[in-house]
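show me the folded form of this:
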Amino acid sequence: MNVVEVLGLFGAGVLAGVVGTVVSLASIISYPVLLAFGLPPVTANVTNTVALTFNGVGAAFGSRPELAGQGARVLRLGTMTLLGGAVGAGLLLATPSDTFEAIAPWLIAFASLLLLRPPNTMGGYGGEDGWKARAAMFAVAIYIGYFGAAGGVLMFAVLSAVLDQSPVKINAIKNVVSALANGVAAIGFALFGPVQWSAAIPLALGFLLGGRLGPVIARRLPGRALRLGTAACGLLVALKLGIDAYA
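Just a heads-up that it's a prediction; the model follows:
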C-alpha cells in the first residue's frame with residue numbers, strides 16, 4: 001500500500017475506534033473502508049477483527065478509572081466471551097465467502113437498528129452469575145467472533161440488564177470483554193485466515209488511538225445523537241452492500 005492508503009486506513013481506524021468505544025459500531029465504519037480498498041468480504045472481515053483487537057487495548061487504557069477494582073468481574077465475564085469468540089471464528093472460517101457476502105448486509109442492518117432502541121431495556125437474566133446471563137454473553141460473543149458489527153451493542157444490553165453499575169462503567173466493561181472475544185478470534189484468523197497484514201497494521205494503530213480517545217469523549221458528550229447518526233449511516237452501508245450482493 002502507498003502512503004495515502006496507509007494514512008487513510010489509520011484515519012479510518014481512529015474514527016472507527018472512537019465510534020466503537022462510544023456506540024459499539026466500529027465495524028460499521030472500518031469494514032466498508034476495507035471493502036473500498038478492494039479486499040474481498042471474508043478477507044476484509046478477518047483483517048478487521050485482527051485490527052479491532054487493538055481498539056479494546058486502547059479502550060481499556062482509557063477506561064482505567066471505570067475499571068478500577070473490577071478485575072475479578074472482568075475476568076469472570078470474559079471467560080464466556082473468550083469461548084464464544086473462538087466458536088464464532090471457527091464458524092466464519094468454515095463458511096463459504098459467497099454465503100458471508102450475502103448475509104453481511106443483513107447483519108449490518110440488524111446491528112444498526114439495535115441502536116434505535118435503548119440498550120438497557122432487556123432484563124430477566126437473573127444476575128451476572130446466572131446461567132441466562134452467561135448464555136446470552138456466550139451467544140453475543142459468537143456473533144462478535146463471526147462478524148462483530150454492533151456486537152458491542154448487544155453486549156452492552158446484556159451487561160446493562162445484569163450489572164448494577166453506571167452506564168459509563170458498563171460501557172468500559174463491555175469494551176474489555178468484547179475485546180477478549182475479538183482477540184481469540186483474531187488469533188484463529190491470524191493462523192488460519194486470509195488476513196491482509198498491510199491493511200491490518202495501520203488500521204490497528206488507528207484503532208489503538210481511537211480506543212484511547214473514545215472513553216474520554218464518552219465521559220463528556222451525550223451519546224444519543226451520535227448513536228442515531230451512526231445507525232443511519234449503518235443502514236446506508238447495509239443498503240449499499242445489499243445492492244452489491246444481490247444485484
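
what's the weakest-modelled helix or strand in the protein?
Within the chain, no helix or strand scores below helix 97-114, which has a mean of 74 by mean pLDDT, DSSP states H and E.

if I look at Leu239, how far off is Cys233?
Distance of Leu239 to Cys233, computed by CB to CB, to the nearest Å: 11 Å. For every residue, glycine as well, the C-beta is placed using N, CA and C.

actually Leu180, not the one I typed
27 Å.

neighbour-wise, which of the two wins?
Comparing Leu180 with Cys233 by other CB atoms under 10 Å, the one with more neighbours is Leu180, at 24 against 16.

which outside residues touch stretch 13-23?
25-30, 33, 51-52, 55, 58-59, 62, 115, 152-153, 171, 175, 202-215, 217-218, 221, 223, 226-227, 230 (CB atoms under 8 Å, 6 or more residues apart in numbering).

buried members of those into ChimeraX, please.
Selection of buried members from the contacts of stretch 13-23 for ChimeraX, criterion 16 or more other CB atoms under 10 Å:
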select :25,26,27,28,29,30,33,51,52,55,58,59,62,115,152,153,171,175,202,203,204,205,206,207,208,209,210,211,212,213,214,215,217,218,226,227,230
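
report how many residues lie close to Leu82.
Leu82 has 18 neighbouring residues, counting by other CB under 10 Å.

repeat for Ala157
Count around Ala157 with other CB under 10 Å applied: 22.

could you list every helix and strand in contact with the host helix or strand of it?
Under the criterion of DSSP states H and E, Ala157 resides in helix 151-162. Using 3 or more CB pairs under 8 Å, 6 or more residues apart in numbering; DSSP states H and E, the elements in contact with helix 151-162 are helix 97-114, helix 131-146, helix 167-192.

go through the last one and flag the buried ones.
By 16+ other CB under 10 Å, the buried positions in helix 167-192 come out as 169-186, 188-189.

shaky segments in the chain?
For the chain, applying pLDDT under 70 flags the ranges 97-98, 100, 111, 115, 117-126, 149-150, 221-227, 230.

just how off-centre is the helix holding Ala157 within its chain?
12 Å (CA atoms, centre = their mean, to the nearest Å).

and stretch 191-198, by the same measure?
Stretch 191-198 sits 18 Å away from the centroid of its parent chain (CA atoms, centre = their mean).

how far does it stretch from one end to the other?
End-to-end distance for stretch 191-198: 16 Å, by CA to CA, to the nearest Å.

show me what contacts Leu213?
Residues near Leu213 by CB under 8 Å, 6+ apart: 14, 17-18, 21, 58, 62.

roughly how far does the residue nearest to Gly56 when sequence neighbours are not counted sit from Trp131?
Distance criterion CB to CB, 6 or more residues apart in numbering; nearest residue to Gly56, sequence neighbours excluded, is Ala179 at 2.1 Å. Between Ala179 and Trp131 the distance is 24 Å, computed by CB to CB.

check Gly214 too.
According to CB to CB, Gly214 stands 32 Å off from Trp131.

relative to Ala190, how far out is the closest residue to Leu52 other than its chain neighbours?
Nearest residue to Leu52, sequence neighbours excluded (CB to CB, 6+ apart): Asn182, at 5.1 Å. Per CB to CB, Asn182 is found 12 Å from Ala190.

pretty sure Leu91 contacts Tyr146?
Yes - taking contacts as CB atoms under 8 Å, Leu91 lies within contact range of Tyr146: 5.3 Å.

show me which of these two is the more surrounded one.
More crowded of Leu91 and Tyr146, by other CB under 10 Å: Tyr146, with 25 against 14.

residues touching the residue lying closest to the more buried one once chain neighbours are set aside, list them.
Spatially, and ignoring its direct neighbours in sequence, Tyr146 is nearest to Gly88 (3.8 Å; CB to CB, 6+ apart). For Gly88, the contact set (CB under 8 Å, 6+ apart) comprises 141-147, 181, 185.

sounds good, over and out.
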